[in-house]
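>>> Below are the sequence and a predicted model; questions follow.
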Amino acid sequence: MKQSALAVYRCPVSGGALRLEDAEKLGEEVNSGTLLTADRRYPIEKGMPVFAATEQLAGTARFARNYYASIADSYDENVHVTFDLFNESELEVRLSMINLLNLNPHSKVLEISAGTGKDSELIAKRLDESGELWLLDISPDMLVQAKAKIRKYPARTEAAIGDACHLPYGDDYFDALYCFSGIGHFNDQKAALKEMARVVRPGGRVVFLEKNVPPWLRDTEYGKILINNNPMFADPDPLALIPVEARNVGIRWILGNAHYVVDYTVGTGAPVGNFDLELPSYRGGSFNTRYFGKVEGITKESKALYEKAAKKCGMSLHEWLDSTIKEKALKDLG
Ligand SMILES: C[S@@+](CC[C@H](N)C(=O)[O-])C[C@H]1O[C@@H](n2cnc3c(N)ncnc32)[C@H](O)[C@@H]1O
């Protein structure tokens with residue numbers, strides 16, 4: 001970790017700034033030490049801050065740390081199976097995903113669940129010395145390998161051990177965020193996807209993939225074979241997880257039609273429509289008057305009368321009703 005990373009790392013629990021203590025440094029590089037807030041301490045081990053200690057991990061996060069520790073050394077030899085199963089090229093699939101990030105050489109990129117860094121290296125190749133690549137994974141055994149793979153590239157690189165559900169970064173820092181096959185392990189997938197939108201600046205890109213048999217294949221033998229082999233293929237599709245900040249959302253099933261890819265551009269809050277726009281129609285009014293201006297019901301007879309009156313006055317239903325209610329209310333209110 002570089003000392004300057006303190007400007008970006010935040011306490012994953014409180015979101016507060018961190019201070020560095022007992023640092024053992026080589027130039028800018030901090031190899032060991034402690035990151036602190038008033039009431040929390042995070043050790044730096046092998047140059048990586050550890051934001052999620054093993055004893056604090058529960059559920060799927062604990063499982064993932066143990067499982068990936070056991071397969072970290074053989075992961076790179078075996079991961080091709082995921083692609084061979086569907087007669088697809090690992091490199092082509094990974095590159096097509098990375099293309100969705102719209103990177104330029106000075107992009108600041110965060111990769112979550114970077115694992116042994118198979119994509120980290122492909123991303124690092126696209127950055128120059130003004131670019132930044134930050135990695136996060138719950139498994140130190142996987143991440144040390146990723147760190148080694150990207151060391152030779154010119155971009156600034158950082159790696160941290162942490163849980164995707166509580167990201168240890170400040171708001172709006174990154175231009176792009178990438179997560180290839182990690183979401184299925186997260187304890188709280190909705191929180192993790194919200195966190196992704198938080199740390200990427202408005203206008204930045206988010207891309208993630210996870211295994212998933214889509215609804216139309218669930219009852220086929222093909223779908224059943226996949227789900228039988230790994231129940232994660234039966235997890236719900238990601239639509240309900242996508243945060244309100246997502247704009248121009250793309251969702252496709254690729255890699256054997258059994259993995260979803262979601263890509264979107266980050267916006268601010270929920271979208272805003274031009275909902276005061278007057279609608280040139282018999283009903284008249286706007287989306288906003290129809291939504292916010294709902295009043296108690298009236299009798300069938302009054303409704304027929306007001307429709308007739310509006311027509312006679314050459315007004316839309318909205319104009320007649322709004323002006324009539326306003327006139328009567330103002331009169332009654334004196
Ligand atoms: C299937 S591997 C994918 C690795 C890499 N992205 C790739 O494409 O080869 C899943 C990765 O997710 C990580 N992971 C699991 N749960 C996590 C969590 N809660 N937060 C961050 N990473 C997690 C695992 O440690 C593992 O490295």
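Received it, and whenever you're ready, just let me know what you need.
>>> For the stretch 151-300 of the chain, which residues are neighbours of the ligand?
By Cβ under 6 Å from any ligand atom, the residues of the stretch 151-300 of the chain that approach the ligand are 163-164, 180-182, 185-186. All C-beta spots, glycine's among them, are computed from the backbone N, C-alpha and C.
>>> Top of those residues by number of neighbours, please.
Counting neighbours by other Cβ atoms under 10 Å, D163 leads those with 28 neighbours.
>>> Burial check on the closest residue to that one other than its chain neighbours, number of neighbours?
Closest residue to D163 apart from its sequence neighbours, by Cβ to Cβ, 6 or more residues apart in numbering: A52 at 4.5 Å. Counted with other Cβ under 10 Å, the neighbours of A52 add up to 24.
>>> The residue of the chain found nearest the ligand: how many residues sit nearby?
Proximity of the chain to the ligand (Cβ to the nearest ligand atom) peaks at G115, 2.4 Å away. G115 has 23 neighbours, counted by other Cβ under 10 Å.
>>> My guess is it contacts I71. True?
No - the pair G115 / I71 is not scored as a contact, 10.2 Å apart, by Cβ atoms under 8 Å.
>>> So R198 belongs to a helix, correct?
Yes - per DSSP: H, G, I helix; E, B strand; the rest coil, R198 lies within a helix segment.
>>> Spatially nearest residue to it (excluding sequence neighbours)?
Looking at R198 with Cβ to Cβ, 6+ apart, the closest residue is D171, at 5.6 Å.
>>> Test my guess that that neighbour contacts V199.
Yes - assessed by Cβ under 8 Å, D171 is found in contact with V199 at 6.6 Å.
>>> what about the two, which has more around it?
V199 (23 against 11).
>>> And that one, what's its pLDDT?
Predicted confidence (pLDDT) for V199: 98.
>>> Check F51 too.
97.
>>> Same check on S70?
For S70, pLDDT reads 97.
>>> At which residues are the helices of the stretch 51-200 of the chain located?
Here the stretch 51-200 of the chain has its helices, by DSSP state H, counting those that start in this stretch, at 59-78, 80-84, 90-99, 118-124, 140-150, 189-199.
>>> The last one: which residues count as buried?
Looking back up the chat, that one is helix 189-199. Buried residues in helix 189-199, counting neighbours by 16 or more other Cβ atoms under 10 Å, are found at 189, 191-199.
>>> Check the burial of the residue lying closest to L95 once chain neighbours are set aside by counting its neighbours.
In space, and not counting its chain neighbours, L95 is closest to L122: 6.4 Å by Cβ to Cβ, 6+ apart. For L122, the count of nearby residues is 17 (other Cβ under 10 Å).
>>> Check the contact between L122 and E92; I expect there is one.
No - in this structure, L122 is not within contact of E92 by Cβ under 8 Å, at 11.2 Å.
>>> Pretty sure N102 sits against V206.
No - if you go by Cβ under 8 Å, N102 and V206 don't touch, sitting 11.1 Å apart.
>>> quick one: average confidence on stretch 220-239?
Here the average pLDDT along stretch 220-239 is 97.
>>> close enough to count as contact, S281 and R290?
No - when contacts are counted by Cβ under 8 Å, S281 is not listed as touching R290 (11.1 Å).
>>> more crowded one of these two?
Legend: neighbour count by other Cβ under 10 Å for S281 and R290, higher for R290 (14 against 10).
>>> For the more buried one, which three-state class applies?
Here R290 is recorded as helix under three-state DSSP.
>>> Next up, the contacts around it.
Residues near R290 by Cβ atoms under 8 Å, 6 or more residues apart in numbering: R283.
>>> The same query, at a cut-off of 6 Å, please.
Neighbour list for R290: empty [criterion: Cβ atoms under 6 Å, 6 or more residues apart in numbering].
>>> quick one: the strands in the stretch 151-300 of the chain?
156-161, 174-180, 200-211, 246-254, 259-266 (DSSP state E, counting those that start in this stretch).
>>> Let me know the angle separating the first one from helix 59-78.
Strand 156-161 runs at 130 degrees relative to helix 59-78, counting by axes from the mean of the first three to the mean of the last three Cα atoms, to 10 degrees.
>>> what about strand 156-161, distance to the chain center?
19 Å (Cα atoms, centre = their mean, to the nearest Å).
>>> Kindly report the same for the last one.
When C-alpha coordinates are averaged (Cα atoms, centre = their mean), strand 259-266 and its chain have centres 8 Å apart.
>>> Buried residues of stretch 44-61, list them for me.
44, 47-52, 57, 60-61.
>>> And the furthest pair within those?
Using Cβ to Cβ, the pair of the buried residues of stretch 44-61 lying farthest apart is G47 and T60, separated by 26.7 Å.
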